[in-house]
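[1] The following comprises the amino acid sequence and a computationally predicted model.
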Amino acid sequence: MNCVRLFLVINCLWLGSSASDPDDDPLLVELPQGKLRGRDNGNYFSYESIPYAQSPTGDLRFEAPEPYKQKWLDTFDATQSPVACLQWDQFTQGDNKLAGEEDCLTVSIYKPKNSSRISYPVVAHIHGGAFMFGGAAQNGHENVMRKGKFILVKISYRLGPLGYISTGDADLPGNYGLKDQRLALQWIKQNIASFGGEPENILLVGHSAGGASVHLQLLREDFSQLARAAISFSGNALDPWVVQSGARGRAFELGRIVGCGLAEDSATLKKCLKSKTASEIVTAVRSFLIFSYVPFAPFGVVVEPADAPEAFLTQDPSEVIKSGKFGQVPWAVTYVTEDGGYNAALLLDDWNNSGKTLLEQLNDRWFDWAPYLLFYRDSKKTIEEMDDYSRKIRQEYVGNQRFTDDSYWKFQQMFTDILFKNSTQDSLDLHRKYGKSPAYAFVYDNPADRGIAQFLTKRRDIHFGTVHGDDYFLIFENVVRHVQLRPDEERISKNFINMLADFAVSDKGTLTFGDCVFQDNVGSDNFKLLSITREGCENKEYAEFP
């Protein structure tokens, strides 16, 4: 009898230990580095702040990222929200806009709970912020997790001068932030199966600078080895604020500002900058702003010399597309009807307490400020050429009118066309001529009750229309957009999330939104554009974008 009791006790103990076996714990994940533990958030699991690269500090500052090499002796705590990379943040209040940390190269993974699935397609996300600010935590994930359609992976990457300073030579070539993104994509491809993700079904998406980053990643010839498809929301590689000239001058000027003097060469400058604190380097950004946060991207993507170590981009993006040597995967590019509202709205502020808005002051400062606002200062060869262009575009959009609240709509349209819409059309035009995989496009026109323009200006007396992010933030919520969605926005949000999930797994590269099937632009004489409004969606054809 005692033997029977002993057997029952031992058996119960064994069953108890088996029930709590770490291998059956969905919060515990095994990686080559060791084990990590995530968090149960009710309807989804999260595994945050997982390093994919060595810390880009010390000798690794201003270098291409190195894969993470450390082994975890203890279980890695993956419950900490991702920190933003060190930045001079437009959305931080006050004069000191320094935010984030230099050690920041992580991915954060969000997995739905769904007992009917053992694996999920993957949406990899690159945040926006003009290559200068923003972070993985900037855009929320509650909307997509409630739908439970895919695993979401948010990528953190270096920003501002730490991510994009360049002297245009092999010593300090730049594009470190893009190289971070690429290494993160390689990490996702290699490790996402451990989280229940499908490595063969990865969709890369991004908004604004994130959308431009997606396009730039796609311009790598081997991109098809990392993702099945890609979508660039309101940002692409041909936007004039993405790839800029004049980076070398800005790099040496930054060195002078932080105390490196007039460095003789790039190697000397780099050595000196590595000896400075990261905070000193990033704080120097304010010296490149002529007012407010203008220009919004003083440090960004560059064309690197061919001899640069681990070069990411050695040709202008338009030349890469013309060569046909880019990732042949289905791609969609988008814009909203008043994308430029984000940029134009800044000028409705009385930034220097003069009693006049910046828009009113622009009447007397147009030739000084316009080249910074619209990103052509470094692309014109002479002052005369720059002034001629400034005069031309002012005449085209406002004629002889003064800049006032009454002419604001035309002013905003100028920003939309020059900074977003025209280059979206140019990119799609090149892809339809030189691409082999489907190229899709949509335009979104459905204003939010409160979007980024209202957030920046605190004004409700101006009709801004459908501004930057009014579509994207229906998928990944953001504090600059009204959190409470209208019934039409709830429907559109659901269609967008389904669109991402279906695109990630489509064998034929088909893209759908609700009942609408996108039409491929490759080989087409007219632009095929899906129009998405409050009423629904409709395929339209245009000789030129509307």
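    Looks like it came in fine.

[2] Can you say which helix or strand has the residue positioned nearest the centre of the chain in it?
    For the chain, the residue nearest the mean C-alpha position is Gly210 (1.6 Å; C-alpha atoms, centre = their mean). Applying DSSP states H and E as the criterion places Gly210 in helix 209-218.

[3] List every C-alpha atom in the helix or strand hosting Asn343, with coordinates, as PDB.
    Element membership for Asn343, per DSSP H and E: helix 341-344. Extracted C-alpha coordinates of helix 341-344, given in PDB (Å, rounded to 0.1, in the frame of the first residue of the first chain):
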ATOM      1  CA  GLY A 341       0.400  69.300 -44.600                       C
ATOM      2  CA  TYR A 342       2.900  67.900 -42.200                       C
ATOM      3  CA  ASN A 343       5.600  70.300 -43.500                       C
ATOM      4  CA  ALA A 344       3.500  73.300 -44.400                       C
END
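
[4] for that helix, packing partners?
    Contacts defined by 3 or more C-beta pairs under 8 Å, 6 or more residues apart in numbering; DSSP states H and E place helix 341-344 against helix 408-416, helix 452-457. The C-beta positions use only the backbone N, C-alpha and C, and glycine is treated the same way.

[5] okay, now the closest residue to Pro317 other than its chain neighbours: neighbour count?
    Leaving aside its chain neighbours, Pro317 sits nearest to Ala237 (3.8 Å; criterion: C-beta to C-beta, 6 or more residues apart in numbering). Ala237 has 28 neighbouring residues, counting by other C-beta atoms under 10 Å.

[6] Kindly report the same for Ser292.
    Neighbour count for Ser292, taken as other C-beta under 10 Å: 14.

[7] how about the helices in the stretch 51-200 of the chain?
    Ranges of helices within the stretch 51-200 of the chain are 142-147, 160-164, 176-191, based on DSSP state H, counting those that start in this stretch.

[8] Can you redo these as JSON lines, where the extra columns are distance to Tyr335 and mean neighbour count?
    What follows is the helices of the stretch 51-200 of the chain, written out as JSON lines (distance: least, C-beta to C-beta, whole Å; neighbours: other C-beta atoms under 10 Å):
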{"stretch": "helix 142-147", "distance to Tyr335": "22", "mean neighbour count": "18"}
{"stretch": "helix 160-164", "distance to Tyr335": "24", "mean neighbour count": "26"}
{"stretch": "helix 176-191", "distance to Tyr335": "22", "mean neighbour count": "22"}
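
[9] Rebuild the ones you listed as JSON lines, extending it with mean pLDDT.
    As requested, those are arranged in JSON lines below (pLDDT from 0 to 100):
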{"stretch": "helix 142-147", "mean pLDDT": "95"}
{"stretch": "helix 160-164", "mean pLDDT": "98"}
{"stretch": "helix 176-191", "mean pLDDT": "98"}
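
[10] right, so of the ones you listed, which gets closest to Asn521?
    Nearest of these to Asn521, taken as C-beta to C-beta: helix 176-191 at 25.0 Å.

[11] Please write out the alpha-carbon positions of that closest one in PDB.
    This file holds the C-alpha atoms of helix 176-191, laid out as PDB (Å, rounded to 0.1, in the frame of the first residue of the first chain):
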ATOM      1  CA  TYR A 176      24.700  53.500 -41.200                       C
ATOM      2  CA  GLY A 177      20.900  53.600 -40.400                       C
ATOM      3  CA  LEU A 178      20.100  51.800 -43.700                       C
ATOM      4  CA  LYS A 179      22.800  49.200 -43.000                       C
ATOM      5  CA  ASP A 180      21.200  48.700 -39.600                       C
ATOM      6  CA  GLN A 181      17.800  48.000 -41.200                       C
ATOM      7  CA  ARG A 182      19.300  45.500 -43.600                       C
ATOM      8  CA  LEU A 183      21.100  43.600 -40.800                       C
ATOM      9  CA  ALA A 184      17.800  43.600 -38.800                       C
ATOM     10  CA  LEU A 185      16.000  42.100 -41.900                       C
ATOM     11  CA  GLN A 186      18.600  39.400 -42.100                       C
ATOM     12  CA  TRP A 187      18.100  38.700 -38.300                       C
ATOM     13  CA  ILE A 188      14.300  38.400 -38.900                       C
ATOM     14  CA  LYS A 189      14.800  36.000 -41.800                       C
ATOM     15  CA  GLN A 190      17.100  33.800 -39.700                       C
ATOM     16  CA  ASN A 191      15.200  33.900 -36.400                       C
END
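
[12] what's the spacing between that helix and its chain's center?
    Offset of helix 176-191 from its chain centre (C-alpha atoms, centre = their mean, to the nearest Å): 14 Å.

[13] how much does it deviate in direction from helix 209-218?
    70 degrees (axes from the mean of the first three to the mean of the last three C-alpha atoms, to 10 degrees).

[14] Which other helices and strands does the helix or strand that the helix holding Asn343 is followed by contact?
    Going down the chain from helix 341-344, the next helix or strand is helix 358-373, by DSSP H and E. Packing partners of helix 358-373 (3+ C-beta pairs under 8 Å, 6+ apart): helix 383-398, helix 408-416.

[15] Rounded mean pLDDT for helix 358-373, please.
    Regarding helix 358-373, the rounded mean pLDDT is 96.

[16] Can you mark which positions in that helix are buried?
    Residues 358-362, 366, 369-373 are the ones in helix 358-373 that count as buried (16 or more other C-beta atoms under 10 Å).

[17] Quick check: of those residues, which lies closest to Ser275?
    Among the buried residues of helix 358-373, Tyr372 lies closest to Ser275 (C-beta to C-beta), at 30.6 Å.

[18] quick one: the closest one and Ile290 touch, right?
    Yes. Contact criterion C-beta atoms under 8 Å: Tyr372 and Ile290 qualify, at 5.5 Å.

[19] for the stretch 1-150 of the chain, what spans make up the strands?
    Secondary structure of the stretch 1-150 of the chain by DSSP state E, counting those that start in this stretch: the strands cover 28-31, 34-37, 39-40, 44-51, 76-77, 87-88, 98-99, 106-112, 120-126.

[20] I'd like these as TSV, with mean neighbour count appended.
    Formatted as TSV, the strands of the stretch 1-150 of the chain follow (neighbours: other C-beta atoms under 10 Å):
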stretch	mean neighbour count
strand 28-31	17
strand 34-37	17
strand 39-40	13
strand 44-51	21
strand 76-77	16
strand 87-88	26
strand 98-99	16
strand 106-112	24
strand 120-126	27
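
[21] Next, format the ones you listed as TSV and append distance to Ala308 and mean pLDDT.
    As requested, these are exported to TSV (distance: least, C-beta to C-beta, whole Å; pLDDT from 0 to 100):
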stretch	distance to Ala308	mean pLDDT
strand 28-31	31	97
strand 34-37	34	98
strand 39-40	40	98
strand 44-51	25	98
strand 76-77	34	98
strand 87-88	24	98
strand 98-99	29	98
strand 106-112	26	98
strand 120-126	22	98
